[in-house]
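> Predicted coordinates and the sequence they were generated for:
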Amino acid sequence: MPETTGLRSGLTDYGDVGFSEFLRKAFIKGAGYTDEALDRPVVGIINTSSGFNPCHGNVDQLIDAVSRGVMLNGALPIAFPTISIHESFSQPTSMFLRNLMSMDTEEMIRAQPMDAVVLIGGCDKTVPAQLMGAASAGIPAIQLVTGPMLSGGHRGAVVGACTDCRSFWGKYRAEEIDKEEIEEVNSRLVGSVGTCTVMGTASTMACVAEAMGAALPGSATAPAVTADRMRIAEQTGKRAVELASEGLTLDKVVTAEGITNAFRVVHAIGGSTNAVVHLAAIAGRLGYSLDLEAIDDIGRETPVLVDLKPSGQGYMEDFHRAGGLPAVMRQIRHLLKTDALTVTGRSLGEELDDAHDSYDEQIVRSLDNPVSTTGGIAVLRGNLAPAGALLKASAASGELIEHTGRVVVFENSKDMAERIDSDDLDVNADDIIVLKNIGPVGAPGMPEAGYIPIPLKLARAGVKDMVRISDGRMSGTAFGTIVLHVSPESAVGGPLGAVRTGDNIRLSLSERSIELLVSDEEISARLSDNVPHMVPGAERGYRKLYVDEVTQAEEGLDFRFLQGLDKRGAAPLSS
């Protein structure tokens, strides 16, 4: 091997190259390695195991399986830790920490000697963070997701996190079930370690990684605790050794064509709106700007084919048994960029030639029997969202996607928490709820508070859905007629900050519009009167860095100084 590979690469600077290598080998030999082992190419394996991250509860087993694949193919596996983020254990929000994890990933890959790296992640923000960091680090990399959890059972029904978490909590708020049952179901929703077992953000990003060629074909859906997941891990280790020899880096795989395929798949699987933010950030690292109009165009011609919650009824283990993502991609092959390169070294088309069709046409539908004739996510614009907003149309109520209503405003999450359950709240079922100041800067961290609960008095009356609008996000496991990612956000002077209780807003999915029915002059006057938003605790540390540098939703909430300098054009490509 050339002297710049393996443990000889990236030597610490002591002013004496020979001593640097001598010292490095002396220390690692203390761990019991022989010269024969240390002379091999090195494959780094990112270890994101954490007691606070049950989505990654199988990481130790995955590391063992990846290491087996690496060693069987003549290289040396070395695992190393990075930050681990779990959605439910991160304050103020996991999105706030995603960029920190991406920086940790990038710098640890750069700092340590390795010829390729396996990225082990699963929970919502870890996969995009790893892909962002590895894309910037510039060495061969391959994604391995931890895999979805198993579903559970409650009183004869299949349940799973976390769409059913929200459904049961809504029933509890509406007093349709009692405290005893909500406590009982709490122990039934999560059947094992692993990521959410519905088409939430974690499952969506696993499919995104596979669709744009950064993970092995068929690797997105195998449940965390299955033999399939371990075999995929071993195969990933094998491929990482080959990548080290070939020098195939992520920037050669994650091209405009690969990103376009990823967006096509997000629509076809009824994927999370969070994928738009994460793909914008990944694309931005590689020098691409996001084309929201192209995303919407792709959605108009791409049917939803996967019958999984929250857009359908099934769970990820059903999807895996049905053939996984390759079965979906074969259905929409005519819409994909099949010349796109994948991490296997082959084109997407070549990989699909070897894939199977669906084994269950209820879970992976045919083109003539879709869940929905158009894609899951719609891009909205209007005077309320000049830079765009998103609606997960596949999870919205048909009677509300064309709607004009009176507005009830909450100024921030604290205001909402204090008033939404009050019997005195002036709200009706046909009103529109607006929540401000939960965007990238406003919260900070753009929390998933966009899934605004139905006001308690309406929930008790049987109301299941309302139009809700915010500059925040919602979990990919959530459902309802919810407009998200309104940009620019209210905290930086966006028009959402001008909305007042009693105004009227018009939502039109068919016209892709979201309009505040107030004159431009009145909007400007109101914004000029607003008090500047102050972010608590942003005087120092990471929070200051975040608030100073974070971009808006359409740029992916990445830090400006981390975006790619080589401008490579727009992505996705127009259909």
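That came in fine, so what should we check first?

> before we move on, what SS does residue 235 have?
Assigned with DSSP: H, G, I helix; E, B strand; the rest coil, residue 235 falls in the helix class.

> That one against residue 66, yeah?
No - counting by CB atoms under 8 Å, residue 66 is not a contact partner of residue 235; they are 9.2 Å apart. Any C-beta I mention is one placed from the backbone N, CA and C, and that applies to glycine too.

> higher neighbour count, those two?
residue 66 (28 against 18; other CB atoms under 10 Å).

> Grab the nearest non-local neighbour of that one.
residue 237 (3.9 Å; CB to CB, 6 or more residues apart in numbering).

> what about that neighbour, distance to residue 322?
27 Å (CB to CB, to the nearest Å).

> Kindly report the same for residue 417.
41 Å.

> Tell me which of the two has more neighbours.
Legend: neighbour count by other CB under 10 Å for residue 417 and residue 322, higher for residue 322 (24 against 12).

> contacting residues for the more buried one?
For residue 322, the contact set (CB atoms under 8 Å, 6 or more residues apart in numbering) comprises 358, 359, 360, 363, 364.

> The residue lying closest to residue 82 once chain neighbours are set aside - how many residues pack around it?
Sequence neighbours aside, residue 104 is the residue nearest to residue 82 in space, at 4.8 Å (criterion: CB to CB, 6+ apart). For residue 104, the count of nearby residues is 19 (other CB under 10 Å).

> Could you check which helix or strand contains residue 104?
Per DSSP states H and E, residue 104 falls inside helix 94-111.

> Please point out which parts of that helix sit buried.
Across helix 94-111, burial judged by 16 or more other CB atoms under 10 Å covers 94-106, 108-109.

> before we move on, what about stretch 503-518?
503, 505, 506, 507, 509, 512, 513, 514, 515, 516, 518.

> For ChimeraX, what selects the buried ones among the contacts of residue 322?
Selecting only the buried entries of these in ChimeraX, with 16+ other CB under 10 Å as the criterion:
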select :358,363,364
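
> from the contacts of residue 322, which is closest to residue 54?
residue 363 (25.5 Å; CB to CB).

> can you pull the contacts of that closest one?
So residue 363 contacts 306, 307, 308, 314, 318, 319, 321, 322 (CB under 8 Å, 6+ apart).

> List buried residues within the residues you listed.
Counted by 16+ other CB under 10 Å, those give 306, 307, 308, 314, 318, 319, 322 as buried.

> could you dump those residues to a markdown table with pLDDT and distance to residue 87?
Shown next, in a markdown table, are the buried ones among the contacts of residue 363 (pLDDT from 0 to 100; distance: CB to CB, whole Å):
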| residue | pLDDT | distance to residue 87 |
| --- | --- | --- |
| 306 | 97 | 22 |
| 307 | 96 | 24 |
| 308 | 95 | 18 |
| 314 | 96 | 22 |
| 318 | 97 | 23 |
| 319 | 98 | 20 |
| 322 | 97 | 26 |
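
> got those as JSON lines, with secondary structure and distance to residue 300 columns?
Output for the buried ones among the contacts of residue 363, formatted as JSON lines (DSSP: H, G, I helix; E, B strand; the rest coil; distance: CB to CB, whole Å):
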{"residue": "306", "secondary structure": "strand", "distance to residue 300": "18"}
{"residue": "307", "secondary structure": "coil", "distance to residue 300": "21"}
{"residue": "308", "secondary structure": "strand", "distance to residue 300": "21"}
{"residue": "314", "secondary structure": "strand", "distance to residue 300": "25"}
{"residue": "318", "secondary structure": "helix", "distance to residue 300": "27"}
{"residue": "319", "secondary structure": "helix", "distance to residue 300": "24"}
{"residue": "322", "secondary structure": "coil", "distance to residue 300": "26"}
